[in-house]
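> just need the structure, nothing else, for what follows:
(2 chains)
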Amino acid sequence: MPPATETLRRTPLYDRHEAAGARLVPFAGWEMPVQYEGIRQEHVAVRTAAGKFDVSHMGEVETKGPDAEAFLQRVLSNDVSKIDVGGAQYSVLCREDGGVLDDLFTYRLGEDRYLTVTNASNHERDFAWLAEHAAGFDVEVRDAAADYAMIAFQGPDARGLLGIDAPPRMRVAEARVAGADCLVCGTGYTGEDGVELLVPPDAAPAVWDALGVTPVGLGARDTLRLEVCFHLYGNDLSEDRNPIEAGLGWCCKLDTDFIGADALRELDPTDKLVPFALTDPGIPRPGNPVLVDGEARGVVTSGSHSPCLGHGIGMAYVPVDAAAAGTRIEIDVRGKRRRAEIREKPLYKKEDG
Amino acid sequence: MAEESYPPELKYHPEHDWARIDGDEATFGITWYAQDALGEVVFYDPPEVGTTVTANESYAEVESVKAVSDVFAPLSGEVIEVNQALADTPERINDDPYGEGWLVKVRLSDSAEVETLLDVEAYRKLLTA
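Presented below is the predicted three-dimensional model:
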């Protein structure tokens, strides 16, 4: 039995998805488009031209006040003092023991004002965590999810088609798009150039229509991010994994003393998250065992068919002694052993296409 | 992708498989409905020639980017040919599910099983139920 759809939330673009013939599926409590014309075409459109994604299910938390920077420095893993006004930064949110609660982008909108974008499935937990840890700081932490719809506009042609002077990579600026006051962010989840637009919900349909081009569903969003080895929370990141073994040590600035830093300092990780490519036919899937010298020693956390490479790819946690690029492994795909090789990140590079 | 169709000369299994019966041999494939539900097929894992397949049991897998689907044998028998062309062009299962997208040819072990399959009217009724 599929879950009752009436309990699922709908984004302001739901009518657009229905009209476009999207296949809608439950995702993190929302009814979201997984594909329109087909995952492969949508994927290729983003790699070669441009595509628009409704990612309004993602949440936002606004932090403002004199202690906003000090507070975020305490909860986020990266060095928040490095974000200037108009800047953006990726970080993780950790528990005291280093387990990952979420991975997030934070934008500095003003001297004492920040906006943090959360994963849909984690938003309520993230907000509760942030609100709880704000005690003692002169700061207001506000759930701003209802203030924004979010549209990602990605691909080599996206900036040109946007028709405004969009901020460069890892910058954010206010701008009018299709008559709406938006936050335009030079970020994305596809490995392509492009922007993410934070849009007033009422204006989202007009902005969506003005962008034209191919609508892209969550199916291609997943294959695009996997080809370039971006983490997906719930697959590659979880409370049971720490950011060091996930390969996110680069955004964990231990000397900022964020929550979890003490635990991470003590860690000697035994596993590492690695990208791999199948050299046999077949498609790896999350949960498939990874065999090293014939012995089950790891697990696939993301796996799919790569539309650009034309074969199976994935990411897996394997023991550090078997994590070097070039290591031959096997993936147990529902009882069939498929040969694979650990690769460098990213699995797909522009020149491969 | 092909237009929705269900050829009247085929026999259908409720798991959305078809059989084209030719004497004591039959060709199997998946129906338009099955390929549409799955999305673009990117991998077909065929059984080996000589394998025995059993009616109502899975004999192969087809995969789209998002999902894996078992393919059920409408009838029992021995695999005498597999569609090797699908190794390089599995999307033929979407483009031409009753033609170039065929999956296996089987020598039937029990022709009486044909009576258990649905004709096109019964299959269409099942789809709209």
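> what's near enough to touch the most centrally placed residue in chain B?
Residue closest to the average C-alpha location in chain B (CA atoms, centre = their mean): B:Gly29, at 2.0 Å. Taking CB atoms under 8 Å, 6 or more residues apart in numbering or on different chains, we find B:Gly29 in contact with B:Asp17, B:Trp18, B:Ile93, B:Pro97, B:Tyr98, B:Gly101, B:Trp102, B:Leu103. Quick note: C-beta positions are derived from backbone N, CA and C, even for glycine.
> I figured the second one hits B:Glu9, correct?
No - here B:Trp18 does not reach B:Glu9: they are 9.9 Å apart, not a contact under CB atoms under 8 Å.
> re the thing from before, just curious, which of the contacts of B:Gly29 is nearest to chain A?
Nearest to chain A out of those is B:Ile93 (CB to the nearest CB; 13.3 Å).
> list the contacts for the closest one?
B:Gly29, B:Ile30, B:Gln35, B:Val41, B:Tyr44, B:Val62, B:Leu86, B:Gly101, B:Leu103.
> distance-wise, check it relative to B:Gly29.
Separation of B:Ile93 from B:Gly29 (CB to CB, to the nearest Å): 8 Å.
> show me what contacts B:Leu10?
B:Trp18, B:Ala19, B:Arg20, B:Tyr98, B:Val120.
> which one of these sits closest to A:Val320?
B:Trp18 (50.1 Å; CB to CB).
> ok, the closest one - contacts?
B:Trp18 neighbours (CB under 8 Å, 6+ apart): B:Pro7, B:Leu10, B:Lys11, B:Tyr12, B:Phe28, B:Gly29, B:Ile30, B:Thr31, B:Pro74, B:Tyr98.
> same thing but 7 Å
B:Leu10, B:Lys11, B:Tyr12, B:Gly29, B:Thr31, B:Tyr98 (CB atoms under 7 Å, 6 or more residues apart in numbering or on different chains).
> kindly report the same for B:Ala55.
B:Ala55 sits in contact with B:Ala73, B:Pro74, B:Leu75, B:Ser76, B:Glu113, where contact means CB under 7 Å, 6+ apart.
> what do you get if the cut-off is 8 Å, keeping everything else the same?
B:Ala55 touches B:Ala73, B:Pro74, B:Leu75, B:Ser76, B:Asp110, B:Glu113, B:Thr116, counting by CB under 8 Å, 6+ apart.
> how about A:Lys253?
A:Lys253 neighbours (CB under 8 Å, 6+ apart): A:Ser77, A:Asn78, A:Asp79.
> show me what contacts the first one?
Read that as A:Ser77. When contacts are counted by CB under 8 Å, 6+ apart, A:Ser77 touches A:91-94, A:243, A:248, A:251-253, A:256, A:258, A:260-261.
> show the buried residues in these.
A:91-94, A:243, A:248, A:251-253, A:256, A:258, A:260-261 (16 or more other CB atoms under 10 Å in any protein chain shown).
> for the longest helix along chain B, which positions count as buried?
In terms of residue count, the longest helix belonging to chain B (DSSP state H) is helix B:120-128. Within helix B:120-128, the residues that count as buried by 16+ other CB under 10 Å are B:Val120, B:Tyr123.
> what mean pLDDT does it get?
Throughout helix B:120-128, pLDDT has a mean value of 96.
> only alpha carbons, please: show that helix as CSV.
Provided in CSV are the C-alpha atoms of helix B:120-128 (Å, rounded to 0.1, in the frame of the first residue of the first chain):
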residue,chain,number,x,y,z
VAL,B,120,-6.0,-9.3,-23.7
GLU,B,121,-9.5,-8.4,-22.5
ALA,B,122,-8.9,-10.0,-19.1
TYR,B,123,-5.5,-8.3,-18.8
ARG,B,124,-6.9,-4.9,-19.7
LYS,B,125,-9.6,-5.4,-17.1
LEU,B,126,-7.0,-6.2,-14.5
LEU,B,127,-5.2,-2.9,-15.4
THR,B,128,-8.3,-0.9,-14.8
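> can you give the contact residues for that helix?
So helix B:120-128 is contacted by B:Tyr6, B:Pro7, B:Pro8, B:Leu10, B:Tyr12, B:Pro14, B:Thr31, B:Tyr33, B:Leu118 (CB under 8 Å, 6+ apart).
> that helix: how far from the chain's middle?
The chain centre lies 16 Å from the centre of helix B:120-128; the measure is CA atoms, centre = their mean, to the nearest Å.
> same check on stretch A:241-260?
17 Å.
> do me a favour and average the pLDDT over it.
Per-residue pLDDT over stretch A:241-260 has a mean of 97.
> same deal with stretch A:278-294?
Per-residue scores along stretch A:278-294 average to 97.
> and it, anywhere near chain B?
Yes - using CB under 8 Å from any CB of the partner chain, stretch A:278-294 reaches chain B at A:Pro281, A:Gly282, A:Ile283, A:Arg285.
> count of residues packed around the second one?
Here the count is done by other CB atoms under 10 Å in any protein chain shown, and A:Gly282 has 23 residues near it.
> could you verify that it is part of a helix?
No - counting by DSSP: H, G, I helix; E, B strand; the rest coil, A:Gly282 falls outside a helix, being coil.
> contacts only, for A:Gly65.
Neighbours of A:Gly65 in contact, by CB under 8 Å, 6+ apart: A:Phe71, A:Asp112, A:Phe137, A:Asp138, A:Val139, A:Glu140.
> likewise for A:Ala204?
A:Ala204 touches A:Thr11, A:Pro12, A:Leu13, A:Ser56, A:Ala149, A:Ile151, counting by CB under 8 Å, 6+ apart.
> that's a strand at it, yeah?
No - counting by three-state DSSP, A:Ala204 is located in no strand; its state is helix.
> what's the burial count for the nearest residue to it once chain neighbours are set aside?
Closest residue in space to A:Ala204, ignoring its immediate chain neighbours: A:Ala149 at 3.7 Å, by CB to CB, 6 or more residues apart in numbering or on different chains. A:Ala149 has 26 neighbours, counted by other CB under 10 Å.
> tell me the spacing between A:Ala149 and B:Ala2.
Taken as CB to CB, the span from A:Ala149 to B:Ala2 is 36 Å.
> then A:Pro346?
From A:Pro346 to B:Ala2 the distance is 35 Å (CB to CB).
> since that was my last question, I'll sign off now.
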